[in-house]
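**Q** 3D model of this:
(one chain, ligands or ions: 3)
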Amino acid sequence: MAHHFWKATEKNIWSGRNDREEGPSALRLFQIIKVAKNFLPNHYLHHIAFMGFMCDEGVRLNKGRVGAANAPDILRKSLGNLAAHTIHQIVDFGNILFNQDLNTSQQYLAQSIKECQNLELKTLVLGGGHETAYGHGLGIYQSHIGKKIGIINFDAHLDLRNSSTTSSGTPFKQLAHFCQQQDIEFNYLCIGASLASNTQSLLETAHKLNVHIIWDTECHFNRLDFIQKQLHDFIKAVDIIYLTIDLDVLPLSIMSAVSAPAAYGVDLSILLTLAEEIKATNKLKAVDFVEFNPDLDKDGLCARVAARFIWQILFNWK
Ligand SMILES: N=CN[C@@H](CCC(=O)O)C(=O)O
Ligand SMILES: [Mn+2]
Ligand SMILES: [Mn+2]
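**A** Ligands and ions are numbered 1, 2, ... in the order given. Sure, this is the predicted structure:
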């Protein structure tokens, strides 16, 4: 891959407490992850491919608070010390870089994702702003031709802006446009959207595109049956799931380090319950975590929350 759009992860990024003297079951993620020096997915069949997208140009163009470009290494550092348990076969394929032009960077991400997905590697991308989802999603569509793809977005925002400028507010509009051009179904479920943070114009776009929405105010355990029914109906109708997690879906009390924090938000416990149900269908092939901004993180607390969320996806992901 062109070196001005890609760099390997530095070896010292993955570190943690060494409990090896307690035996082989005392391993942590930093001890099981393989750090690739080159992007060669065919050397890592059956692995989960980890990748960073060091880009917040979309956040800047969306008038947001930049800083998410530096999230991937900070999240790796928070993840490294977490217990490995049964997690194994993860390869870190380094970072796709933003270089002058957002669309070109997204195309590089898409191409890398396509190569991994073609070889049946699952992909886990650390953003970056939510512009990550256009590159990640495009690669998935380009790899799985003829299959029905469902996008599930945990997010306070629909990200369906009708703007001529590509940004962190447009990824699902761009993917819908791609589907239209290819004459394929656009299946999109947004969980945790806030009515107060999405204008009528966005709702109209969502309606036209037949987008399914479960509002933040509906995301409570006393309504779990209602949420699960909609989730299962959505999943039943598709072959492959791409789960994109905008960390601003969490309440700002635990996730303030994002461009647009959510005053209401959805509790981590509900999101993890839903994520487990999605994993249990064996249709989940791709996940990303976006919008984390380390510049806004006091004492690294939000990085810990994000890392726990990522860990929970990795654990027993089949
Ligand atoms: N990635 C999306 N971000 C939100 C930002 C909203 C805000 O700045 O308040 C959006 O475009 O809707
Ligand atoms: Mn978003
Ligand atoms: Mn959001």
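
**Q** surely Leu29 is in contact with His85?
**A** No. Between Leu29 and His85 there is no contact under Cβ atoms under 8 Å: 9.6 Å. The way it works is simple: take the backbone N, C-alpha and C, and place the C-beta from them, glycine included.

**Q** tell me which of those two has more neighbours.
**A** Per other Cβ atoms under 10 Å, whichever of Leu29 and His85 has more neighbours is Leu29, with 24 against 15.

**Q** contact partners for the more buried one?
**A** Leu29 is in contact with Trp14, Gly16, Leu79, Gly80, Asn81, Leu82, Ala83, Ala84, Ile87, Ile90, Trp311, counting by Cβ atoms under 8 Å, 6 or more residues apart in numbering.

**Q** next: Gln117.
**A** By Cβ under 8 Å, 6+ apart, the neighbours of Gln117 are Thr123, Gly139, Ile140, Ser143, His144, Lys285, Ala286.

**Q** distance of it from ligand 1?
**A** Gln117 sits 24 Å away from ligand 1, taking Cβ to the nearest ligand atom, to the nearest Å as the criterion.

**Q** for that residue, give its distance to Val290.
**A** 18 Å (Cβ to Cβ, to the nearest Å).

**Q** what's the pLDDT at the closest residue to Gly265 other than its chain neighbours?
**A** Leaving aside its chain neighbours, Gly265 sits nearest to Pro251 (3.2 Å; criterion: Cβ to Cβ, 6 or more residues apart in numbering). You'll see Pro251 listed with a pLDDT of 98.

**Q** what comes into contact with the one helix or strand Glu276 maps to?
**A** Element membership of Glu276, judged by DSSP states H and E, is helix 268-280. Applying Cβ under 8 Å, 6+ apart, the contact partners of helix 268-280 are 152, 154, 191-192, 219-221, 224, 227-228, 231-232, 235, 241, 243, 245, 249-250, 254, 284, 305, 308-309, 312-313, 316-318.

**Q** which other helices and strands contact the very next helix or strand once past it?
**A** Per DSSP H and E, the first helix or strand lying C-terminal to helix 268-280 is strand 284-290. Judged by 3 or more Cβ pairs under 8 Å, 6 or more residues apart in numbering; DSSP states H and E, strand 284-290 is in contact with helix 102-118, strand 122-126, helix 132-143, strand 240-246, helix 301-314.

**Q** any chance of these in a markdown table with distance to Ile278 as columns?
**A** Below are the helices and strands packed on strand 284-290 laid out as a markdown table (distance: least, Cβ to Cβ, whole Å):
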| stretch | distance to Ile278 |
| --- | --- |
| helix 102-118 | 17 |
| strand 122-126 | 13 |
| helix 132-143 | 15 |
| strand 240-246 | 6 |
| helix 301-314 | 9 |
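
**Q** with distance to Ala260 and mean pLDDT as extra columns, can I get these in JSON lines?
**A** Formatted as JSON lines, the helices and strands packed on strand 284-290 follow (distance: least, Cβ to Cβ, whole Å; pLDDT from 0 to 100):
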{"stretch": "helix 102-118", "distance to Ala260": "19", "mean pLDDT": "98"}
{"stretch": "strand 122-126", "distance to Ala260": "19", "mean pLDDT": "99"}
{"stretch": "helix 132-143", "distance to Ala260": "15", "mean pLDDT": "98"}
{"stretch": "strand 240-246", "distance to Ala260": "9", "mean pLDDT": "99"}
{"stretch": "helix 301-314", "distance to Ala260": "14", "mean pLDDT": "98"}
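
**Q** between the ones you listed, which one is closest to ligand 3.
**A** For ligand 3, the closest of the helices and strands packed on strand 284-290 is strand 240-246, at 4.0 Å, according to Cβ to the ion.

**Q** for ligand 2, what are the nearby residues on the stretch 201-318 of the chain?
**A** Asp246 (Cβ under 5 Å from the ion).

**Q** near ligand 3, which residues of the stretch 201-318 of the chain?
**A** So the stretch 201-318 of the chain meets ligand 3 at Asp246, Asp248 (Cβ under 5 Å from the ion).

**Q** ok, the stretch 51-200 of the chain next?
**A** Asp155, Ala156, His157.

**Q** what ranges of this protein fall below the confidence cut-off?
**A** 1 (pLDDT under 70).

**Q** ligand 1 contacts on that one?
**A** Counting by Cβ under 6 Å from any ligand atom, the chain comes close to ligand 1 at Asn62, Gly64, His130, His157, Asp159, Arg161, Ser168, Gly169, Ala260.
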